[in-house]
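In: Sequence isn't available, so here's the structure alone:
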């Protein structure tokens, strides 16, 4: 029986390919990487004929720690609070994983295709989900134009 010699590094080729696929597929953009690092929160932006709806998952954040601002066609959501460090109490972390301990404030800025009128923005916070409703201006709504059919002139 003939023996086949392989380079030692070849044994890891399938693992290297799997890691490369994982990195390329799951890290589609910088926002995804920030989300995986815990430095942001996920949002959905939905357009309906009447409004834009932004839904943000803010689990563990109190409603009074959420700020929403608008400028032009952007909405910025800031969530969190100042660090909860007590200088009078000596603390030693045995394990430190919660993002709010060392990065207490996070934010997202969402750009919409139309100007945002702050008077037409309504925000509701329920069960850790922030829903922001932005009513569209009449000029931003889709309008259907009726097509008129011109009757042909009768041939003489």
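Out: That came in fine, so what should we check first? Quick caveat, the model's predicted, so the values are computed rather than measured.
In: low-scoring stretches of this protein, by residue?
Out: 1-12, 21-39, 81-87, 96-104, 140-143, 155-156 (pLDDT under 70).
In: Would you map the helices across it?
Out: When secondary structure is read from DSSP state H, the chain shows helices at 13-26, 30-36, 99-102.
In: Could you check how far residue 59 is from residue 47?
Out: 25 Å (CB to CB, to the nearest Å). For every residue, glycine as well, the C-beta is placed using N, CA and C.
In: Tell me which of these two has more neighbours.
Out: Under the neighbour definition other CB atoms under 10 Å, residue 59 and residue 47 were set side by side, and residue 47 has more, 14 against 8.
In: In contact with that one, which residues?
Out: Listed by CB atoms under 8 Å, 6 or more residues apart in numbering, the contact partners of residue 47 are 53, 113.
In: and it, what are its bridge partners?
Out: Bridge pairing for residue 47 (DSSP bridges) gives the partners residue 52.
In: how near is it to residue 53?
Out: Note on residue 47: its distance to residue 53, by CB to CB, is 8 Å.
In: what's the burial count for residue 52?
Out: When neighbours are counted by other CB under 10 Å, residue 52 registers 21.
In: what do you get for the one 3 residues further on?
Out: Residue 55 is flanked by 13 other residues according to other CB under 10 Å.
In: ditto for residue 42
Out: Residue crowding around residue 42 was assessed by other CB under 10 Å; the count is 12.
In: And it, how far from residue 59?
Out: Distance of residue 42 to residue 59, given as CB to CB: 10 Å.
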